[in-house]
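Q: Sequence and predicted model, in that order:
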Amino acid sequence: MNNALQPVRIAVVGTGNVGSTLAYALLLSGLAAEIVLIDANRAKAEGEAMDLQHAVPFAHPTRVWAGDYADCAGAIATVIAAGVNQKPGETRIDLLKRNALVFAEVVPQVARHNPEGILVIATNPVDVLTYTSLKLSGYPWQRVIGSGTILDTARFRHLLSRYFKVDSRSVHAYIIGEHGDSEVPVWSLANIAGMRLQDFCAAQNVACDAAAMDEIFRQTRDAAYQIISRKGATYYAVAAGLMRIVEAIVRDQRTVLSVSSLVHDCYGINDVCFSLPTVVSRSGIEQVLRLNLNEKEAEALQHSAAVLRKIRGQLAVEALSH
Ligand SMILES: NC(=O)c1ccc[n+]([C@@H]2O[C@H](COP(=O)([O-])OP(=O)(O)OC[C@H]3O[C@@H](n4cnc5c(N)ncnc54)[C@H](O)[C@@H]3O)[C@@H](O)[C@H]2O)c1
């Protein structure tokens, strides 16, 4: 299906804030020759497609249209950002159940029309929905990728870069585990130019106290709450992260990204989707990297896996596939 002679097609399901921002970033990048937008609200997808089409003369020749699931055929990747928003007073698990029902409708249709493609999941709670998508699609695990902590890692690097006054691209630090409250900062391996943060602090004569680092992690973990309380949603950074995942796939870059996928045999953790630094290529997931964590980090990762298992238990993922 995905041979080199076919135009690069990317499908986006869910053309709300996140999906339409991704489509815009894709269009400006020139990465895709074809972008198909699918949404339960057909008029919304059509409106976004028309608006994007009018940007083509300023960007790259790209075919953009509002389509149906049949148009996922031949897409290299289908990004799913479809979902419902939390109602006032609604619990996290109720939201998950409603979004899982959306996925029970969306994922089998994508998989039927595009059995060879790669799924990239953005809808929250992203780790549980990545696991759900794996079950619903029947795809091999290497072709189901959740955006996971790609955004949290970007926020972490940004805040560290501000503190240490270096380009965020020169800060190598990861947030792993759940995209959510139990996520884990890997302080023991964080570095700038291969220098541990303590050594970098000493060399720069900068304070590197624990309280400042704790505050950086707190701001990383709680960033979404801060943004949502001000503008109602977050979408630019996650769309840039999704863009990065799609680019690594389309260009076969073998980029290391903190994305969510099915993890086995990692500090005693099995059968959970969450984030670890992962090599992403045209095949999807090439390799999930096992980090050499310290004891505290390994325990925090196990806790994160337990949190995700508990949420998943409440959902009864298997029931959705029948
Ligand atoms: N993973 C991350 O880091 C991250 C960051 C930000 C947002 N998100 C998540 O992304 C999701 C989308 O956020 P948003 O702000 O774009 O929401 P939104 O409400 O703006 O858009 C959701 C879209 O999904 C569509 N939709 C609903 N049910 C559908 C169905 N059954 N089939 C097809 N389309 C359907 C809606 O019509 C709507 O256009 C949310 O779950 C949000 O929490 C994830």
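A: Yep, that arrived.
Q: List phi and psi for the most centrally placed residue in the chain.
A: The centroid of the chain falls nearest to Ser147 when counting by C-alpha atoms, centre = their mean (0.9 Å). The phi/psi pair for Ser147 (degrees, to the nearest 10) reads phi -60, psi -20.
Q: ok, the closest residue to it other than its chain neighbours to the ligand distance?
A: Nearest non-adjacent residue to Ser147, counting by C-beta to C-beta, 6 or more residues apart in numbering: Ala122, 4.9 Å away. Every C-beta, even on glycine, is put in place using the N, C-alpha and C of the backbone. Using C-beta to the nearest ligand atom, to the nearest Å, we find Ala122 at a distance of 5 Å from the ligand.
Q: again with Ala316
A: From Ala316 to the ligand the distance is 19 Å (C-beta to the nearest ligand atom).
Q: repeat for Pro115
A: For Pro115, the distance to the ligand equals 20 Å [C-beta to the nearest ligand atom].
Q: pretty sure that residue belongs to a helix, no?
A: No. Counting by DSSP: H, G, I helix; E, B strand; the rest coil, Pro115 is not found in a helix; it is coil.
Q: Nearest to the ligand within this structure, name that residue for me.
A: Gly16 (1.7 Å; C-beta to the nearest ligand atom).
Q: hang on, isn't that residue packed against Ala81?
A: Yes. Gly16 is within contact range of Ala81, at 6.7 Å (criterion: C-beta atoms under 8 Å).
Q: neighbour-wise, which of these two wins?
A: Of the pair Gly16 and Ala81, Ala81 is the one with more neighbours under other C-beta atoms under 10 Å, namely 27 against 19.
Q: what's the more buried one in contact with, if anything?
A: Applying C-beta atoms under 8 Å, 6 or more residues apart in numbering to Ala81 gives the contacts 12-16, 18-19, 22, 122-123, 242.
Q: Determine whether any part of whatever helix or strand Leu95 lives in lies close to the ligand.
A: Using DSSP states H and E, Leu95 falls within helix 92-113. Yes. Applying C-beta under 6 Å from any ligand atom, one finds helix 92-113 in contact with the ligand at 102, 105-106.
Q: Relative to the whole chain's centre, how far out is the next helix or strand along the chain from that helix?
A: Sequence order places strand 118-121 as the next helix or strand after helix 92-113, per DSSP H and E. Centroid displacement of strand 118-121 relative to its chain, using C-alpha atoms, centre = their mean, to the nearest Å, is 9 Å.
Q: likewise stretch 285-297?
A: Taking C-alpha atoms, centre = their mean, one finds stretch 285-297 lying 18 Å from the centre of the chain it belongs to.
Q: and the protein, which residues reach the ligand?
A: Counting by C-beta under 6 Å from any ligand atom, the residues of the chain close to the ligand are 13-19, 39-41, 44, 81-85, 102, 105-106, 122-124, 126, 147, 151, 179, 233-235, 238.
Q: Would you mind checking the residues you listed for buried ones?
A: 13-19, 39, 44, 81-83, 102, 106, 122-124, 126, 147, 151, 179, 234-235, 238 (16 or more other C-beta atoms under 10 Å).
Q: Tell me which stretches of this structure form helices.
A: Under the criterion DSSP state H, the chain contains helices at 17-29, 42-53, 92-113, 126-137, 150-164, 197-204, 210-221, 223-231, 236-250, 295-315, 317-320.
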